[in-house]
Structures are given as C-alpha cells and as structure tokens.
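# fold the following.
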Amino acid sequence: MGVRTPSRQVLDHLCTLSPSHALLPYHSSQCRPPPAATGTQTCCDPRCWGQHHRLGRVQAAWNFSDHFRECIIRSEDVADIAIGLLIDVQRKISAADRYLGGKRVGIIGLGNIGSEVAKRLKAFGCIVSYNSRRKKQALPYLFYSNVHELAANTDALIICCAFTDQTRHMINKEVLSALGREGVIVNVGRGAIIDEKELVRCLVHGEIGGAGLDVFENEPHVPQELFALDNVVLSPHKAALTPESFERSNQIVIANLEAFFSNKPLVTPFNG
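Below is the predicted model of the structure:
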C-alpha cells in the first residue's frame, strides 16, 4: 500500500458518507475559495479557508453556477423535458389536440441543450429553425438573426439559451405578439428571459396558444393565474434533476478535486 498523503485522505473522505459540510473543516486549515458564482452560502467553517484560491473553482461547480451548467447536467435530460412540455401543451395531455409533426419550431440558443432539442424535433417531423449568438454553418436548420423574426415564422418557440443582461426579457410583448394566437412557448432556460407579466397577460387573453414552463422569473413563486389555464403546463424547475445528471455532477466534482490535489488542470476550468 502506498503512503496516504493528506491529499489522498481528503479524497478518501469525499468517498465516505460523511456530511459534505464536514469535508473541508475536517481536513484543511489552508483552503479558501472565493464565494461561489451563484452567491450560495457554504456550510464550511470559514476558519478552514486559506491559501488555495483554485479550490473556489471546484466549489463553483458543486454550487451549479451557470458557467458549469452545461458541463454538469446531461443536456439530453433537459431536452427531453422541453419536448415533453411541448407535446403536453400541443396535445393537451394534462388537460385530458393538436399534432406535433410538421410544426415549425424555433429554438432560442443552439448550444448543447438546444442541439439535443433539435434532434428530437427532427425525429417528430418538425421543421426546425433557431436563433443563436452566431450561425452554425455546419447545421441544416434555418437561422434567424433576431428572436422577433424567429417567432413570426414558427408555430412554437423553445427557450434554451443562457440568462444574461442581453437576454433578460428577450421574450417581450412584441415577440409574443409575433408568435401569435396559435403559438406555443416552452422555457427550459431561465425564467427572466421571458417578461413573465406580459406572458401571463397574453395567455389569459388568448393572445398566444399555450406555454410549457420549467422555470419562472421569481422562483419559487409562480403567478397564480397560470394554475387556472388548461393551455399551460408547469414543471418545478426539474428538467435536469435525474439520477444520471446527479451522477455526472458527482463525477465532475470528484475529478476536479483529484486534479486540484494533483496540481493538474481542472476538468471544468473557471477563470471568472
């Protein structure tokens, strides 16, 4: 057996059932990451933080910051929920019908999740178009440079993009109006990408056809008006909450810790 170095002891402890808040206080008196990117408070004893600034990057991954979102979660899981919400709204499954095949569906944000959504839409026979920061030259889908044009030329919009200052309330009154009375909107991105008050107004007055929402602008609060509508399907921000995603998250955090204590590059480097 090899010598159990302090670094090895930390990793051994990580693999036990000890509470996570005990990991760093138990083993370290010189590790201090900066606050997690999410601003989430850590339970670790502040006395344990010290010199190892790189550990903050490991902590950020565990705290599920937006930077690591597409690294940690399985894009396939979120894509499945996006398609499920679209089918539910279109076919009124929860309300207990419209056909999905042949529908023109626009995707906002064609990253990992958006690409997985597009694959599933093609399998259903949908006509796929998208809006993204840049055109993906290798892909056959029709590109629109702004979301208003995309909405005007689709039967449904699926939001998969990240939340930034530029995307806040990107889906506003004008975009919803362009989507039209038969249009459906699905959001598996971030709640504040949609102007939620305007969305509620459009749904209540029948100005759009329906909505499937996994995220909300002021979580955990959901506008009460939505609960009374049979053309709205609500999901409690759980698109990525699958056993496979949790397992992937654990693997990445452990791999980052292994790399950190071996003085190697992190698996998910963060230079913010």
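
# for my notes, confirm residue 158 occurs in a strand.
Yes. Remark: residue 158 belongs to a strand, assigned using DSSP: H, G, I helix; E, B strand; the rest coil.

# can you tell me the element the nearest residue to it once chain neighbours are set aside falls in?
Excluding its sequence neighbours, the residue lying closest to residue 158 (C-beta to C-beta, 6 or more residues apart in numbering) is residue 186, at 4.5 Å. Any C-beta I mention is one placed from the backbone N, CA and C, and that applies to glycine too. Using DSSP states H and E, residue 186 maps to strand 184-187.

# give me the neighbour count for residue 153.
Residues near residue 153, counting by other C-beta atoms under 10 Å, number 15.

# check residue 251 too.
12.

# ok, residue 85 next?
The local packing of residue 85 (other C-beta under 10 Å) involves 27 other residues.

# same check, this time on residue 159
Count around residue 159 with other C-beta under 10 Å applied: 29.

# do the one 10 residues further on as well
Neighbourhood size, residue 169 [other C-beta under 10 Å]: 15.

# neighbours of the closest residue to residue 171 other than its chain neighbours, how many?
Using C-beta to C-beta, 6+ apart and skipping residues adjacent in sequence, the residue nearest residue 171 is residue 194, 4.2 Å away. Residues contacting residue 194 under the criterion other C-beta under 10 Å number 28.

# repeat that for residue 203.
The number of residues packed near residue 203 is 21, by other C-beta under 10 Å.

# give me the element it is part of.
helix 196-204.

# then whichever helix or strand comes after that helix to CSV, C-alphas only?
Using DSSP H and E, the helix or strand that follows helix 196-204 in sequence is strand 210-213. Extracted C-alpha coordinates of strand 210-213, given in CSV (Å, rounded to 0.1, in the frame of the first residue of the first chain):
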residue,chain,number,x,y,z
GLY,A,210,-50.1,28.0,-24.7
ALA,A,211,-47.0,27.6,-22.7
GLY,A,212,-44.8,24.9,-21.1
LEU,A,213,-42.7,26.3,-18.3
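
# domains of this protein: list them as residue ranges, please.
Domain ranges of the chain: 6-72+243-261, 75-234, per automatic domain parsing.

# mean pLDDT for these: which is lowest?
Among these, domain 6-72+243-261 carries the lowest mean pLDDT, a mean of 54.

# list the contacts for the residue nearest to residue 158?
Residues near residue 186 by C-beta atoms under 8 Å, 6 or more residues apart in numbering: 82, 85, 86, 89, 156, 157, 158, 159, 211, 212, 213.

# any idea which element the first one lies in?
What it means is residue 82. Secondary structure (DSSP H and E) places residue 82 in helix 75-91.

# contacts for stretch 116-136 next, please.
The contact list for stretch 116-136 (C-beta under 8 Å, 6+ apart) reads 75-76, 78-80, 82-83, 100-111, 114, 139, 141-147, 150, 153-154, 158, 160-161.

# the helix or strand containing residue 122 to helix 75-91, inter-axis angle?
Per DSSP H and E: residue 122 is located in helix 112-123. Interaxial angle of helix 112-123 relative to helix 75-91 (axes from the mean of the first three to the mean of the last three C-alpha atoms, to 10 degrees): 50 degrees.

# list the buried residues for helix 112-123?
112, 113, 114, 115, 116, 117, 118, 120, 121 (16 or more other C-beta atoms under 10 Å).

# what separates the second one from residue 187, distance-wise?
Spatial separation of residue 113 from residue 187 under the definition C-beta to C-beta, to the nearest Å is 12 Å.
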